[in-house]
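Visitor: next come a sequence and a model predicted from it.
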Amino acid sequence: MFPNSDSLSHALEHLLETLTPAEIVPDAAPSAPILCDSFADWKRLLAEQLHTAQTFEIHCWAEETDAIQLALQYGTRKDTGWQYGTVIAGPVTPAFTQMLLHLPQPSDTHPDAKKTPFFSIFLDNGFSASHYGTEIYQKI
């Protein structure tokens, strides 16, 4: 039932071989983590950040088909070579903003955990919400 150490070692080795470095953005300001304890605060912060953003990227794991289909209503697939998921990019429009701000908090987790069904949301103004909105950063 459990993989043996040889198969696990082989799987990890394969995963490490497929890693690629993240794109480096010159002149990017460092980020500061933001603490956001409540879902209402999360929505308020997201609304503020969407107001100044022009474009977005949403990252979803391959098995998150509902989230992918939802994001594809507002953007298009971006070819990144990420074999384990999908990246959707597009403009921050009023319709996109309304969709994000009216999503209910995911109920498949502890109430203080997930804030969004999307694994990561990145805005071009330096705001990002990773790990389903539990890790929030913005440019300082």
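Guide: Cool, the structure landed.
Visitor: from here on, just use CA atoms for contacts and neighbour counts.
Guide: Will do.
Visitor: so what's the residue sitting nearest the centre point of the chain closest to, chain neighbours aside?
Guide: The chain has residue 120 as the residue nearest its centroid, 0.6 Å off, counting by CA atoms, centre = their mean. Leaving aside its sequence neighbours, residue 120 sits nearest to residue 130 (CA to CA, 6 or more residues apart in numbering; 4.2 Å).
Visitor: the one you found and residue 138 touch, don't they?
Guide: No: look at residue 130 against residue 138 with CA atoms under 8 Å: they stay out of range, at 11.5 Å.
Visitor: who's in contact with the strand or helix carrying residue 89?
Guide: In this assignment (DSSP states H and E), residue 89 forms part of strand 85-91. With contact meaning CA atoms under 8 Å, 6 or more residues apart in numbering, strand 85-91 is reached by 54-63, 68, 71-72, 74-80.
Visitor: what pLDDT does residue 28 get?
Guide: As predicted, residue 28 sits at a pLDDT of 50.
Visitor: same check on residue 136?
Guide: For residue 136, the pLDDT comes out at 90.
Visitor: gap between it and residue 116?
Guide: Residue 136 sits 12 Å away from residue 116, going by CA to CA, to the nearest Å.
Visitor: in this structure, where is pLDDT below threshold?
Guide: By pLDDT under 70, the weakly predicted segments of the chain are 1-5, 12, 15-16, 19-32, 109-112, 140.
Visitor: what about 90?
Guide: Applying pLDDT under 90 to the chain flags residues 1-39, 41, 81, 105-114, 130-131, 133-135, 138-140.
Visitor: and the strands in the chain?
Guide: In the chain, the strands defined using DSSP state E lie at 31-34, 55-61, 76-78, 85-91, 120-123, 128-130, 135-139.
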